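Colleague: no FASTA, just this:
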């Protein structure tokens with residue numbers, strides 16, 4: 001049992017992200033804003049980033065939620081395979097999200113099946 005970004009304790013994946021199976025790859029990321037300016041950058045771009053990520057053909061799950069600390073966000077991602085994750089990273093690198101949040105600290109944990 002582990003603490004979840006939603007403030008509850010769950011058995012298994014955080015906030016509904018399925019565990020990866022087969023060739024699937026999951027990422028669990030904490031996005032840590034240094035202050036109000038970085039928080040405003042996330043707020044300005046998060047909806048578009050989530051919508052674009054969920055629209056990717058290889059994206060099976062994508063959710064971002066603010067934790068109890070308003071400067072910390074929890075990101076849960078699941079992709080069909082390594083190629084889908086690479087396509088996500090390529091799209092993201094060229095996005096407004098990447099430009100606006102480039103300096104924000106990220107703690108990324110990769111989960112494979």
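Modeller: Thanks, I have the structure now. Predicted model, so just to flag it, every value in this text is computed and none were measured.
Colleague: those helices in this protein, which residues are they?
Modeller: Assigned by DSSP state H, the helices in the chain fall at 36-55, 82-93, 96-101.
Colleague: would you turn those helices into a markdown table with distance to residue 26 and mean neighbour count?
Modeller: From N, CA and C alone the C-beta is placed, and that goes for glycine too. As requested, these are exported to a markdown table (distance: least, C-beta to C-beta, whole Å; neighbours: other C-beta atoms under 10 Å):
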| stretch | distance to residue 26 | mean neighbour count |
| --- | --- | --- |
| helix 36-55 | 14 | 15 |
| helix 82-93 | 9 | 15 |
| helix 96-101 | 20 | 16 |
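Colleague: Tell me the predicted confidence for the residue nearest in space to the middle of the chain.
Modeller: A centroid search over the chain (C-alpha atoms, centre = their mean) returns residue 75, at 2.9 Å, as the residue closest to the centre. If you check residue 75, the pLDDT there is 95.
Colleague: Run the chain-centre distance for stretch 71-88.
Modeller: Its chain's C-alpha centre and that of stretch 71-88 lie 6 Å apart, by C-alpha atoms, centre = their mean, to the nearest Å.
Colleague: In TSV, list the helices of the chain along with distance to residue 29 and mean pLDDT.
Modeller: Putting the helices of the chain into TSV (distance: least, C-beta to C-beta, whole Å; pLDDT from 0 to 100) gives the following:
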stretch	distance to residue 29	mean pLDDT
helix 36-55	12	97
helix 82-93	12	97
helix 96-101	11	97
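Colleague: looking at the ones you listed, which is closest to residue 65?
Modeller: Checking the helices of the chain against residue 65 by C-beta to C-beta gives helix 36-55 as the closest, at 9.9 Å.
Colleague: Kindly calculate the angle that the closest one makes with helix 82-93.
Modeller: For the pair helix 36-55 and helix 82-93, the angle between their directions (axes from the mean of the first three to the mean of the last three C-alpha atoms, to 10 degrees) equals 140 degrees.
Colleague: Give me the contact list for helix 36-55.
Modeller: Identification of contacts with helix 36-55 by C-beta atoms under 8 Å, 6 or more residues apart in numbering yields 31, 33, 59, 62-64, 70-71, 73, 77, 88, 91-92, 95-97, 100-101, 103-104.
Colleague: next one: stretch 78-88
Modeller: Outside stretch 78-88, the residues within contact range by C-beta under 8 Å, 6+ apart are 17-18, 20, 23-27, 53, 56-62, 77.
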